[in-house]
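> sequence first, then the predicted structure, then my questions.
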Amino acid sequence: MSTAARPAADVLADLTALRAGDPPTHGGRVLSYVYDPGRPDLDAVAAEAVRLFLPVNGLDPTTFTSVAALERRLVAFARDVLHGDAGTVGSVTSGGTESCMLAVKSARDLWRAADPGRVHARATLVLPTTAHPAFHKAAQYLDLDVVPVPVDPVTGTPSAADVLARVDDRTALVVVSAPSYPFGVVDPVVEVAAGAAERGVACHVDACIGGWVLPWWGDAAAPWDLAVEGVTSISADLHKFGYAPKGASVLLYRAPERHRAQYFATTAWPGYPVVNPTMLGSRGVGAMAAAWAVLEVLGTDGLAELVATTRRTTDRLLAAASGIRGLRVVGAPTGPLVALATDESVPPAERVDPFTFIDEVRRRGWLLQAQPAMDQPGGAPLPRTAHLTVTAVTGAIVEELVDALVAAADAVRGRPAAVPDPSLAGRVLSEGLPDELAGVMATLEALPAEVVHPLLVQVLASAIDPSRE
């Protein structure tokens with residue numbers, strides 16, 4: 001098969017047309033996935049930084065010494081913000097998933113090295129049910145067992161005692177979040193880290209969302225970062241509230257030996273010696289350069305200003321949401337994430353179903369994220385929720401958003417909650433996703449994992465099947 005060459009202008013026009021079909025990534029109307037500071041100057045400096053480093057290969061920082069310089073600077077910046085010390089080291093990765101996977105690899109390898117009898121043993125990963133799926137992915141890729149700990153359906157957090165009760169001699173790593181993505185609440189980091197340290201177990205704080213927010217949030221939470229004794233590693237995504245382009249994250253370790261354990265090195269071939277600090281070999285450096293440029297333009301004062309705007313906006317949304325009859329805020333969020341569940345304390349005629357609510361909000365030009373209910377192993381069920389991620393730009397349009405949330409709730413209040421539709425799976429596979437997703441989400445929520453997982457794979461795989469062109 002061959003394709004004829006085309007004028008660059010035509011190719012770029014095609015790309016522009018493709019992007020036109022996406023939701024808006026700027027302006028604050030998409031309340032998940034994208035992080036908008038509302039600062040076009042930051043987009044401009046990030047784009048120029050990417051352009052400058054477009055051809056650079058991060059595989060070998062001894063050849064491209066600029067890569068080592070950028071990574072040192074970003075790690076040093078993060079170390080200062082997250083209360084590391086002179087011994088704190090780390091890496092810039094392609095995103096939160098890679099940061100989490102590397103933290104798990106490091107912990108697993110050190111756990112095995114601590115006892116010759118563990119060389120081929122299968123370790124465990126203890127985490128709350130609200131921990132990011134990146135840790136489940138890490139466990140699957142790296143051959144660990146996940147030990148889930150239920151969280152309280154009201155507060156959204158686990159008890160430290162419940163977490164520590166699952167720790168035993170097979171535990172390589174305990175994970176806590178600051179905050180967790182589903183409910184935006186900070187886990188009991190101090191208590192869990194202290195208990196893990198007493199048991200000689202590593203403790204990772206997933207601050208991929210909160211790492212560049214909580215330091216300036218104000219009356220935030222109990223200590224949660226490297227200032228806490230017992231925290232051995234922490235991840236913080238630069239492409240979230242560091243406002244860098246995808247994908248850039250920082251992974252820090254309290255001790256160099258933990259950092260070294262994430263590396264891969266080999267001379268088992270006749271080519272050049274291979275040493276990779278991260279999962280990737282060749283890697284682009286554009287996002288790393290852009291992350292450094294954005295942080296340098298902002299400085300800590302600029303970050304603090306963006307967080308202050310985000311905090312005021314989040315507080316306004318929490319106040320408004322608390323006044324919407326039929327909905328409740330899950331827990332007491334610390335940071336820019338809000339989850340809304342049905343308030344079952346009011347009569348059924350006054351309740352608001354999150355899934356139908358999300359569809360109604362979408363009609364008004366806003367995208368919230370649907371989070372299915374969950375039957376926790378050994379714990380109380382968690383409710384279905386509507387998730388909102390607040391960014392700095394949301395402050396400029398918060399009253400418009402509040403009006404949309406109130407109007408949407410008024411429109412669906414008292415309607416029956418979305419229920420499963422057995423015919424939906426086949427229709428989605430043949431026709432794609434419908435405009436209204438309440439029934440789809442309710443169906444996914446009701447299906448057992450052994451059915452829903454292959455179905456999700458099939459839906460996503462079919463979306464990129466070349467035969468669809």
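The structure has been received and is ready for your questions.
> biggest helix in the chain by residues?
helix 286-322 (DSSP state H).
> which positions in that one come out as buried?
286-295, 297-298, 302-303, 306-307, 309-311, 313-314, 316-318, 320-321 (16 or more other Cβ atoms under 10 Å). (Glycine included, C-beta is placed from N, CA and C.)
> cool, and stretch 259-270?
Buried-residue list, stretch 259-270, by 16+ other Cβ under 10 Å: 259, 261-262.
> so which residues make contact with it?
89-91, 102-103, 105-107, 109-110, 113, 251, 253, 273-278 (Cβ atoms under 8 Å, 6 or more residues apart in numbering).
> and with 7 Å instead?
Here stretch 259-270 makes contact (Cβ atoms under 7 Å, 6 or more residues apart in numbering) with 89-90, 102, 105-106, 109-110, 253, 273-277.
> quick check: end-to-end length of that stretch?
Chord length of stretch 259-270, first to last residue, is 27 Å (Cα to Cα, to the nearest Å).
> need the helices for the chain, in chain order.
8-20, 40-53, 65-81, 96-113, 133-142, 160-165, 189-198, 256-260, 286-322, 354-363, 398-412, 424-431, 438-446, 449-463.
> what angle do the second one and helix 286-322 make?
Just to be clear, that refers to helix 40-53. Relative orientation of helix 40-53 versus helix 286-322 (axes from the mean of the first three to the mean of the last three Cα atoms, to 10 degrees): 150 degrees.
> how far is helix 40-53 from where the chain is centred?
23 Å (Cα atoms, centre = their mean, to the nearest Å).
> got it, and the first one?
If you compare the mean C-alpha spot of helix 8-20 with that of the full chain, they lie 30 Å apart, counting by Cα atoms, centre = their mean.
> only C-alpha atoms, please: export that helix in CSV.
Written as CSV, here are the backbone C-alpha positions of helix 8-20 (Å, rounded to 0.1, in the frame of the first residue of the first chain):
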residue,chain,number,x,y,z
ALA,A,8,1.5,20.4,4.4
ALA,A,9,-1.4,22.9,4.4
ASP,A,10,-3.9,20.2,3.5
VAL,A,11,-2.5,17.8,6.2
LEU,A,12,-2.7,20.5,8.9
ALA,A,13,-6.2,21.4,7.8
ASP,A,14,-7.2,17.7,8.3
LEU,A,15,-5.7,17.8,11.8
THR,A,16,-7.6,21.0,12.5
ALA,A,17,-10.8,19.4,11.4
LEU,A,18,-10.1,16.3,13.6
ARG,A,19,-9.5,18.6,16.7
ALA,A,20,-12.8,20.4,16.0
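> mean confidence for that helix?
For helix 8-20, mean pLDDT is 93.
> contacts for it, please.
For helix 8-20, using Cβ under 7 Å, 6+ apart, there are no contacting residues.
> swap in the fourth one?
Here helix 96-113 makes contact (Cβ under 7 Å, 6+ apart) with 93, 118-119, 121, 123, 125, 132, 134-135, 137-139, 141-142, 144, 172-173, 202, 204, 206, 208, 233, 235, 237, 249, 251, 258, 261-262, 278-279.
> so of those residues, which ones are in strands?
93, 125, 172-173, 202, 204, 206, 233, 235, 237, 249, 251 (DSSP state E).
> which one of those residues is nearest to residue 184?
Closest approach between these and residue 184, by Cβ to Cβ: residue 206, at 13.0 Å.
> that closest one is in contact with residue 175, isn't it?
Yes - using Cβ atoms under 7 Å, residue 206 makes contact with residue 175 at a distance of 6.1 Å.
> what touches both of these two?
residue 131.
> before we move on, back to that, which strands and helices lie in contact with the longest helix of the chain?
helix 40-53, helix 65-81, strand 327-329, strand 337-342, helix 398-412 (3 or more Cβ pairs under 7 Å, 6 or more residues apart in numbering; DSSP states H and E).
> parallel or antiparallel, which strands does the shortest one pair with?
In the sheet containing strand 327-329, the strands it pairs with under DSSP bridges are strand 337-342 (antiparallel).
> so which bits of the strand it pairs with are buried?
337-342.
> comparing the helices and strands packed on helix 286-322, which comes out most buried?
For the helices and strands packed on helix 286-322, the largest average neighbour count (mean count of other Cβ atoms under 10 Å) is found in strand 337-342, namely a mean of 24.
> what angle separates that one from helix 354-363?
Going by the same axes, to 10 degrees, strand 337-342 makes 120 degrees with helix 354-363.
> ok, residues contacting strand 337-342?
With Cβ under 7 Å, 6+ apart as the criterion, strand 337-342 contacts 179, 181-184, 209, 314, 317-318, 321, 326-330, 351-354, 371, 383-390.
> what angle do helix 398-412 and that strand make with each other?
20 degrees.
> for the stretch 201-350 of the chain, what are the low-confidence residue spans?
For the stretch 201-350 of the chain, the stretches with pLDDT under 70 are 220-221.
> again, but for the stretch 1-150 of the chain
Low-confidence segments of the stretch 1-150 of the chain, defined by pLDDT under 70, span residues 1-2.
> just the terminal-to-terminal distance for stretch 209-225.
13 Å.
> which of the residues in that stretch are buried?
209-217, 220-221, 223-225.
> between these, which is nearest residue 362?
Of all those, residue 209 has the smallest distance to residue 362: 23.1 Å, by Cβ to Cβ.
> related to what we said a few turns ago, export the buried residues of stretch 209-225 to TSV and tack on distance to residue 424?
Shown next, in TSV, are these (distance: Cβ to Cβ, whole Å):
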residue	distance to residue 424
209	31
210	35
211	38
212	39
213	37
214	39
215	44
216	44
217	40
220	41
221	40
223	46
224	40
225	43
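> from these, pick the one nearest residue 41.
Checking the buried residues of stretch 209-225 one by one against residue 41 (Cβ to Cβ), the nearest turns out to be residue 212, at 18.1 Å.
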